[in-house]
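Visitor: Give me a model of this one.
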Amino acid sequence: MVVGGGDPVDVSIVIPARDCRRYLDRCLTAALVQRVVKEIVVVDDGSTDGTAELLRLYAEHHRGIVKVLRVENSGGAGLPRNVGLAHATGRYVFFCDADDYLGPEALEHLLAAADRNDADIVLGKIVGHGRRAPESMFHRSADRVELGDSAVYNSLSCWKLFRREMLERHRIRFREGVLIGEDIYFTVHAYCHAETISVVADRDCYHLVSRPDGSSVMQRPSSRDPLAWLAMIKEPIELMAAHVPPGPLRDHLLARHFKLDILAQLGAPFLETGEVKRKDVAEAVAALCDRWLTPGVRERLGSADRQRLAALGDMDRLALLAVIEQAPVELRLTGLRWDGRTLVVAGEAGLTGCADPDEIALELRTRHEPRRELVVPAGRSGRRFVARVDPATLDSGIWDLRVSVELAGVTRSVRLGADRDTALARPPARLVGSVAVLPYFTRDNGNLSLDVGGHVVGVPGSARLAGTRWSLGRRLVLDGEIAVAGAAPPPEAVRRLVWRERGSGSERTDRVVALAGGGFVARPAVGRFGPGVWDAYLELDLGGPPARFRIEAGPDPVAGPRRWLLGTGPCVARPYATSNRGRLSAVVRSLSARALLRRIMR
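Guide: The predicted structure follows:
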């Protein structure tokens, strides 16, 4: 199909609408401004609040783009989505709820990823507004991800871009007549047939909105009934297992269902359920365990879930575990200092309303590889703890600090630093071997992190001249000292001398001889510099990006100018200390014969 006689439709945006007039303008406007060849298929699910009248206006003003269909109130989003899909003509389909909205240029980037990779499904980053949005699959964009080696299966909502030909070929449809889980059934089926899955994580693609009046399906208390959820999830699991044979991939997918669908019902939903009903919930979980809990699934579960499995016959124990899991973590940073080359971290940690922790540990996770983690056990007295971090054990990068609190076999982990003593100051940077380690508090939330190598925090240091003189070959001899974080760096950290021309940005480099105790000697061939103003830097390798320090001229006068012939004409080089901060620079100029004679006659 073509829109308005133009290009074939790239994306069909399918929107089920039920009594959502107050949200429709934002949703439809965000869809209309998407810069792709599109059609918008809105299915009015028996609305009574004026939604139908508003949709009629949009259809009249956007003929050929907005298509409105109507069905009798179906009791769920499955049927209207299926109706919309049946009338879609685009190469791809995107499902959007009427109270949510697309981000600027979202479909343009999702479609580009789909076409670039010939993808069957493209996930776009979701942002929550009063609702929790999935995060684990959006750490980075990816052209191709595997189901068994990624977190994409954690997201079973339908707010994604799907290839319509794949949906039609395999008759992938939503469950109808159910209040919850219709999209889980659909998305599980789609994942089973997708040959290529892509992720767009570098922009906000979909905005997930909480209705202030709590009227959306997923905000109603009935949507959180644990027995209803456990009954619903059986079919998606059966569907997945029919397509994926036993083995590591199936265990990986089943582990997701156990963590997020099955054992999760023994958390907050279990506490909200009356005591009589709790036994029914535990028995429903046990039945699913009997059917699907393989050794491969069990080894993929965390400590809290294993504790639950061991307590399925003990309602009091399950309730205690749920209380521990739901209790807020109380955490305060009370001390932060260097002890030699070791960073000492002290604080208080515990769970609100619970006994003192059994164990407290410090966790360090790399910013861009969250799976990389170093656990440092802490000494503990009640809720007070002290941990000692050896930065020499950390690779170059940004490490975020968390505190884990373990009680009754359940471990809770939160970021450290936002709540801290007012008198607590950030420790200074420190050299550990030849690596700069810089503790700092993040700008957004004030949490504690370690910059190992100077990636985002400037490394404090200075390079100061002790003397300058001219030598043979029009070389300017520089004697000086370098200090980093108040200490002399090892000789192997000093890389080279860099001269940068102020106007053009061109650079020249010279060898540096580093001496024990922080001294250095360099003999740059200033006579080979081209005309311009050249600023001097000393470059060091401190475990991260090259660190450059402007060379300070020092108290003694800088060597005077030197003249020579360059090519066919005379030149002059004048080292000097800048007037503002006394830093070493050199002016190199070509002289005319008249100017040279005038200088000689002075």
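
Visitor: all strands for the stretch 451-600 of the chain, in order.
Guide: Across the stretch 451-600 of the chain, reading from the start of the chain, the strands by DSSP state E, counting those that start in this stretch fall at 461-471, 475-484, 494-501, 507-510, 512-514, 519-522, 532-540, 547-552, 562-566, 569-577, 584-590.

Visitor: for these, which one sits closest to residue 237?
Guide: Set against residue 237 and scored by Cβ to Cβ, the strands of the stretch 451-600 of the chain come closest in strand 547-552, at 53.4 Å. C-betas here are computed from N, CA, C, even on glycine.

Visitor: list the helices and strands the closest one packs on?
Guide: Secondary structure elements in contact with strand 547-552, counted by 3 or more Cβ pairs under 8 Å, 6 or more residues apart in numbering; DSSP states H and E, are strand 461-471, strand 475-484, strand 532-540, strand 584-590.

Visitor: would you list the strands of the stretch 451-600 of the chain in a markdown table and tack on mean pLDDT and mean neighbour count?
Guide: Compiled in a markdown table, the strands of the stretch 451-600 of the chain are given as follows (pLDDT from 0 to 100; neighbours: other Cβ atoms under 10 Å):
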| stretch | mean pLDDT | mean neighbour count |
| --- | --- | --- |
| strand 461-471 | 95 | 17 |
| strand 475-484 | 96 | 20 |
| strand 494-501 | 97 | 20 |
| strand 507-510 | 96 | 15 |
| strand 512-514 | 97 | 19 |
| strand 519-522 | 97 | 18 |
| strand 532-540 | 97 | 21 |
| strand 547-552 | 97 | 20 |
| strand 562-566 | 75 | 15 |
| strand 569-577 | 88 | 19 |
| strand 584-590 | 93 | 19 |
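
Visitor: closest one to residue 173 among those strands?
Guide: Using Cβ to Cβ, the nearest of the strands of the stretch 451-600 of the chain to residue 173 is strand 547-552, at 58.3 Å.

Visitor: ok, residues contacting the closest one?
Guide: For strand 547-552, contacts defined as Cβ atoms under 8 Å, 6 or more residues apart in numbering pick out 436, 454, 459, 461-465, 478, 480, 482, 484, 498, 535-541, 581-584.

Visitor: Please repeat the previous calculation with a cut-off of 7 Å.
Guide: Applying Cβ atoms under 7 Å, 6 or more residues apart in numbering, the external contacts of strand 547-552 come out as 454, 459, 461-465, 480, 498, 535-540, 582-584.

Visitor: Next: stretch 41-53.
Guide: Around stretch 41-53, the neighbours that count as contacts under Cβ under 7 Å, 6+ apart are 12-21, 24, 55, 66-74, 80, 83-84, 87-88.

Visitor: Likewise for stretch 443-459?
Guide: 333, 391, 394, 396-401, 415-418, 429, 435-442, 484, 542-545, 547.

Visitor: Quick check: buried residues in stretch 382-390?
Guide: Within stretch 382-390, the residues that qualify as buried by neighbour count (16 or more other Cβ atoms under 10 Å) are 383-387, 389.

Visitor: Quick check: which element contains residue 423?
Guide: Under the criterion of DSSP states H and E, residue 423 resides outside all helices and strands.

Visitor: What about it, how many residues nearby?
Guide: Per other Cβ atoms under 10 Å, the neighbour tally for residue 423 reads 6.

Visitor: ok, it to residue 443 distance?
Guide: Remark: distance between residue 423 and residue 443 (Cβ to Cβ, to the nearest Å) = 21 Å.

Visitor: again with residue 144
Guide: Relative to residue 443, residue 144 is positioned 34 Å away (criterion: Cβ to Cβ).

Visitor: Quick one: mean pLDDT for whatever helix or strand residue 109 lives in?
Guide: Secondary structure here is read from DSSP H and E; on that basis residue 109 sits in helix 106-117. In this model, helix 106-117 has a mean pLDDT of 98.

Visitor: Please list the outside residues in contact with the helix or strand following that helix.
Guide: In the C-terminal direction, the helix or strand that comes right after helix 106-117 (DSSP H and E) is strand 121-124. When contacts are defined by Cβ under 7 Å, 6+ apart, strand 121-124 is touched by residues 106, 110, 113-114, 137, 152, 155, 160-162, 190, 194, 197-200, 205-206.
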